[in-house]
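Undergrad: Provide a 3D model corresponding to the input given below.
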Amino acid sequence: MDIGKKLDIIDIERAAKVSGSRFNYLKGEAALLEFALVQYAFSVLTDENILKEIIEKNKLDVAVKPFVPVVPPVLIKPGPMERMARLEPREERYHIPTDDIYLVGSAEHTLGAMHMDECCKKKIFP
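TA: The predicted structure follows:
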């Protein structure tokens, strides 16, 4: 933290004023480093050949199935929200009445509902 503050790439004081304790702003090279690490993780997790190498090298008995990144919607209709058991208590939800839509608190709300009412065409389990 001290190094980050001295290099002016981590700002805890301003983040505390804006968001409270336990938050920080990553700036400049620190922000770029975070994005580079995320990009590296995606490049490994989405590449079937790299995953095969890792599995073989570590003698793992797991299927090779690359990760599929998804950026979900941040707003959800009341029906899917209710079916995800996340609608109540309504007074604690951010609601846009003109569109009758809610702001999700986390990605599971819209990710969980992503395939609702769809029927599997293939067997998932043997």
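Undergrad: so in this protein, which helix runs the longest?
TA: Secondary structure of the chain per DSSP state H: the longest helix is helix 29-45.
Undergrad: any idea how far the next helix or strand after it is from the chain center?
TA: Counting by DSSP states H and E, the next helix or strand C-terminal to helix 29-45 is helix 48-57. In terms of CA atoms, centre = their mean, to the nearest Å, the centre of helix 48-57 is found 24 Å from the chain centre.
Undergrad: likewise for stretch 99-108?
TA: The answer for stretch 99-108 is 14 Å, by CA atoms, centre = their mean.
Undergrad: next: stretch 87-105.
TA: 20 Å.
Undergrad: any idea of the mean pLDDT in it?
TA: The average pLDDT within stretch 87-105 is 91.
Undergrad: can I see the domain layout of this structure?
TA: Per automatic domain parsing, the structural domains of the chain span 2-57, 75-112.
Undergrad: wait, which of these is closest to P66?
TA: When the domains of the chain are compared by CB to CB, domain 2-57 sits nearest P66, at 4.9 Å. In this view, the C-beta of every residue, glycine as well, is placed from N, C-alpha and C.
Undergrad: end to end, how far does the closest one reach?
TA: With CA to CA, to the nearest Å as the measure, the first residue of domain 2-57 is 38 Å from its last.
Undergrad: rounded mean pLDDT for it, please.
TA: Computed over domain 2-57, the mean pLDDT rounds to 96.
Undergrad: repeat for stretch 60-80
TA: Stretch 60-80 comes out with an average pLDDT of 94.
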